[in-house]
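> turn this into a structure:
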Amino acid sequence: MMDFMIGVNYWDSKSGTDMWKHWDAASVEADLQALANTGVRVMRVFPNWRDFQPIHALRRARGAEFEYRFENDVIPTHPAGLSEEMLEHFATFCDLAGKYHISLIPSIVTGWMSGRQFCPPALNGRNHYTDPVSLVWQMRYVSGFVEAFRHRKEILAWDLGNECNVLSECSDRNVACAWTLMIRNAIAAKDSTRPIMSGMHSLSVDFRNQVWRIADQGEFTDVLCPHPYPSPTVGGDFEPMNRLRTTLIPTVQAVLYRGIGKKPSMIQETGTFNDMHGSREVAADFVRINLFSSWAHGALGYLWWCGCEHSHLKNPPYSWSMVERELGLIDKDRKPKPVGRVMRAFGEMLDGLPFRSLPPRRTDGVILLTEGLPSPIQTATGAFVLSKMAGLECEFAYSDAPLPEASLYIVPSINGWAPIRGETWYTLLDRVAQGATLYLSTDTGTVTEFEQVTGLRSLGMGKDLREHTFSLDGVSYPFVYGTGSTHQSGCKFRLAPLDAEILAADEEGNAVLSRHALGKGQVFFSNFPMETWLTRQGEGFTREEFPYYRIYETVAKNLLEKKALRADSPHIGVTLHPMDGNTDIAVLLNYSNEPIAPHYDLRGSLEPIWGDPALLPPCSGCICYLHKEKA
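Sure, this is the predicted structure:
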């Protein structure tokens with residue numbers, strides 16, 4: 001697989017989702033030439049299941065299915081019911097992609113696209129996870145397609161399909177796992193040489209009552225594939241898409257899927273909906289910072305949604321929605337949009353670097369997500385954004401999996417009576433006793449050994465959804481004790497110190513933030529769910545008068561003081577990538593829409609490779625060698 005995949009998701013400019021049945025090789029070639037000139041090196045492409053396996057059921061008495069044919073009772077010549085005409089079109093497409101040096105990721109079971117189902121007529125209305133007729137034809141389709149194209153050098157990887165977790169209703173996690181494994185095995189039986197991607201979006205972190213889980217997809221596929229748009233479902237509507245919190249949403253999901261699923265991840269599709277959500281220039285900012293950020297955080301690639309503009313198309317799904325039309329790297333006349341110019345410039349920048357691949361970044365700690373979070377993605381986003389603003393680099397883990405080794409554990413906004421398994425809890429406390437730091441915040445979540453762990457005594461609890469204030473280092477912060485998102489949330493724990501140090505209290509003297517020694521380590525306890533609460537506040541992270549990230553700075557003070565490079569602005573992210581004992585590659589990224597001239601706390605010297613560390617442009621960055629001081 002390529003070191004970092006840059007490209008698009010592709011439907012042709014002329015017909016969109018109907019491109020295969022209205023095949024126009026000349027139009028497709030013009031698209032591919034224009035996209036290649038815009039820096040596209042990889043395409044995720046969609047063989048429409050409706051068109052590639054166009055079977056109809058023929059019925060006899062009492063509606064019993066008798067056999068399957070194509071339209072007008074044509075008998076299929078392919079044993080898997082595949083259309084030979086569509087296979088020829090895809091072979092031509094591979095030829096054209098090879099001509100323009102574009103690698104392909106076929107998303108095989110494309111039965112869902114942009115809000116519309118595209119299933120073979122004989123299978124419409126069936127449950128595609130449980131119905132035996134549908135399952136048999138899916139296996140035939142996948143096996144036949146892979147067998148037809150496994151010899152093509154243009155194929156980079158296989159994708160199960162496009163967001164197949166919305167093909168049908170599914171209420172059983174085991175059914176979801178069985179379907180995933182069936183499709184994966186059908187691919188691998190014909191081609192075991194290429195990686196198999198998940199293609200799933202909106203996967204769950206929590207295991208309780210959830211069906212499509214990140215961990216399960218990680219078990220059965222080789223690459224996890226978040227589709228992180230700046231959507232309201234992930235808090236992308238609270239700030240413009242070229243501001244700190246929203247610019248980090250794709251990075252958060254790439255790091256989250258990798259951490260929870262234990263497999264590499266890539267940003268397989270992302271976009272900006274339409275020009276009303278942000279101008280073309282704002283969209284270009286979003287692309288630029290996310291190309292840099294996903295690369296710096298170890299994602300395998302970044303594919304834009306989508307290659308071409310479709311605002312002129314009248315067929316569903318384009319006539320159904322106002323957010324499926326003004327997309328594309330190139331315009332209707334195949335001229336590059338600002339996002340296209342950004343992608344080309346980024347690819348040229350990578351080509352000019354003196355190294356081919358970026359080593360994995362150094363990390364400082366683990367964000368441990370717990371069970372029962374009302375919105376795990378938003379809590380994860382809150383913790384990641386705060387850690388980034390504080391100068392920390394974190395990975396994710398989940399509380400039902402083995403606990404990774406780390407010197408810092410951030411356990412954000414726990415909720416409910418059973419947030420963490422006992423095995424994980426006691427392992428965590430052992431790590432703290434051996435010298436690690438634990439930060440734990442609560443959204444009315446409870447843990448055992450509270451007094452021993454926190455050095456606090458509870459005087460009881462009660463409902464309290466009022467806004468309060470606390471002071472830390474001379475700054476007064478508004479907050480609430482609970483988000484009120486569950487029947488348990490929204491309660492205030494009334495806390496008094498035993499041997500804990502109270503770092504912040506509310507206006508009534510109740511402990512809000514405390515520190516307590518536990519063995520060789522220390523425990524910080526936050527009596528309010530800062531991470532979850534801030535994700536629900538407009539500009540909650542970036543208001544200068546309320547720098548909540550300084551709580552994380554307080555928690556990680558000892559760790560931060562040892563870092564070889566830090567920037568003074570909370571909008572600047574710094575990732576360090578070790579090359580040898582005394583040299584790192586430093587990637588300095590500006591996640592804001594304003595230029596920043598940062599000051600650095602530096603132990604050594606910076607040698608610019610690309611860009612200027614003295615002035616970081618909006619939603620852009622700089623790459624340097626960091627030559628560290630010798631110990």
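> so Cys622 sits right up against Glu607, yeah?
No. Taking contacts as CB atoms under 8 Å, Cys622 lies outside contact range of Glu607: 11.2 Å. For every residue, glycine as well, the C-beta is placed using N, CA and C.
> those two: who's more crowded?
Shown here are Cys622 and Glu607; by other CB atoms under 10 Å, Cys622 has more neighbours (23 against 12).
> isn't Arg536 right up against Thr483?
Yes. Using CB under 8 Å, Arg536 makes contact with Thr483 at a distance of 7.0 Å.
> between the two, which one's more packed in?
Thr483 (23 against 15).
> roughly how far does that one sit from Leu440?
Applying CB to CB, to the nearest Å, the value for Thr483 to Leu440 is 16 Å.
> please apply the same query to Phe546.
22 Å.
> and the two? Which one has more around it.
More crowded of Phe546 and Leu440, by other CB under 10 Å: Leu440, with 23 against 18.
> what residue lies at the spatial centre of this structure?
Nearest to the mean C-alpha position of the chain, by CA atoms, centre = their mean, lies Gln253 at 2.3 Å.
> can you tell me the SS state at that residue?
Here Gln253 is recorded as helix under DSSP: H, G, I helix; E, B strand; the rest coil.
> next one: Ser202
Per three-state DSSP, the local secondary structure of Ser202 is coil.
> in contact with it, which residues?
Ser202 is in contact with 163, 165, 212, 227, 233, counting by CB atoms under 8 Å, 6 or more residues apart in numbering.
> out of these, who's nearest Thr270?
Thr270 has its nearest neighbour among the contacts of Ser202 in His227, at 6.6 Å by CB to CB.
> pretty sure that closest one sits against Thr270.
Yes. Counting by CB under 8 Å, Thr270 is a contact partner of His227 at 6.6 Å.
> overlap in contacts, those two.
Here His227 and Thr270 share the contacting residues Trp305, scored by CB under 8 Å, 6+ apart.
> poorly predicted segments of the stretch 401-550 of the chain, please.
484-489 (pLDDT under 70).
> then the chain?
Filtered on pLDDT under 70, the chain yields the residue ranges 1-2, 484-489, 631.
> where do the domain boundaries of it fall?
With automatic domain parsing as the criterion, the domains of the chain are listed as 5-351, 365-561, 565-628.
> just put those in CSV and tack on distance to Ser357.
Listed next are the domains of the chain as CSV, based on distance: least, CB to CB, whole Å:
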stretch, distance to Ser357
domain 5-351, 10
domain 365-561, 18
domain 565-628, 10
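> and Ala505, that's in a strand?
Yes. Using three-state DSSP, the assignment for Ala505 is a strand.
> do you know how far it is from Ile75?
80 Å.
> can you check Asp3 too?
47 Å.
> quick one, which of those two is more surrounded?
Counted by other CB under 10 Å, Asp3 and Ile75 do not tie: Asp3 has more neighbours, with 12 against 8.
> quick one on the thing from earlier: buried subset of the contacts of Ser202 as a ChimeraX selection?
Command for ChimeraX, covering only those of the contacts of Ser202 found buried under the criterion 16 or more other CB atoms under 10 Å:
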select :163,165,212,227
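> now, which of the contacts of Ser202 sits nearest Ile289?
Minimum distance to Ile289 across the contacts of Ser202 is 17.9 Å, recorded for His227 (CB to CB).
> how about that closest one, what does it touch?
Neighbouring residues of His227 by CB under 8 Å, 6+ apart: 163, 201-202, 267-270, 305.
> show me where the stretch 101-250 of the chain has helices.
Here the stretch 101-250 of the chain has its helices, by DSSP state H, counting those that start in this stretch, at 132-149, 173-190, 214-220, 244-247, 249-261.
> out of the ones you listed, flag the one nearest Lys463.
Among the helices of the stretch 101-250 of the chain, the nearest to Lys463 by CB to CB is helix 244-247 (29.1 Å).
> the residue nearest to the centre of the chain reaches Pro228, doesn't it?
Yes. Counting by CB under 8 Å, Gln253 does reach Pro228; the two are 4.2 Å apart.
> find residues that contact each of the two.
Here Gln253 and Pro228 share the contacting residues 234, 267, scored by CB under 8 Å, 6+ apart.
> which non-adjacent residue is nearest Asp464?
Leaving aside its chain neighbours, Asp464 sits nearest to Lys492 (3.9 Å; criterion: CB to CB, 6 or more residues apart in numbering).
> does that neighbour count as helix, strand or coil?
Secondary structure state of Lys492, per three-state DSSP, is strand.
> so what's the spatially closest residue to Cys164 that is not a sequence neighbour up against?
Closest residue in space to Cys164, ignoring its immediate chain neighbours: Val109 at 5.5 Å, by CB to CB, 6+ apart. When contacts are counted by CB under 8 Å, 6+ apart, Val109 is found next to 49, 138, 141-142, 160-162, 164, 167, 183.
> of those, closest to Glu67?
Taking CB to CB as the measure, Tyr141 is the one of these closest to Glu67, at 17.0 Å.
> what about the closest one, neighbour count?
26.
> now do the contacts for it.
Tyr141 makes contact with 49, 52-53, 80-82, 108-109 under the criterion CB under 8 Å, 6+ apart.
> how about a cut-off of 7 Å?
Contacts for Tyr141 (CB atoms under 7 Å, 6 or more residues apart in numbering) come out as 49, 52-53, 80, 82.
> got it, and Val447?
420, 425.
> distance check, it against Val453.
7 Å.
> and Cys306, by the same measure?
50 Å.
> same question for Phe70.
From Phe70 to Val453 the distance is 67 Å (CB to CB).
> between these two, tell me which one has more neighbours.
Val453 (20 against 17).
> which non-adjacent residue is nearest the more buried one?
Val523 (5.6 Å).
> next structured bit after the helix or strand containing that neighbour?
In the assignment (DSSP states H and E), Val523 maps to strand 521-526. The first helix or strand that comes after strand 521-526 along the chain, using DSSP H and E, is helix 530-534.
> which residues touch that next one?
Identification of contacts with helix 530-534 by CB under 7 Å, 6+ apart yields 375, 378-379, 382-383, 386, 412-413, 441, 443, 479-480, 483, 540-541, 548, 551.
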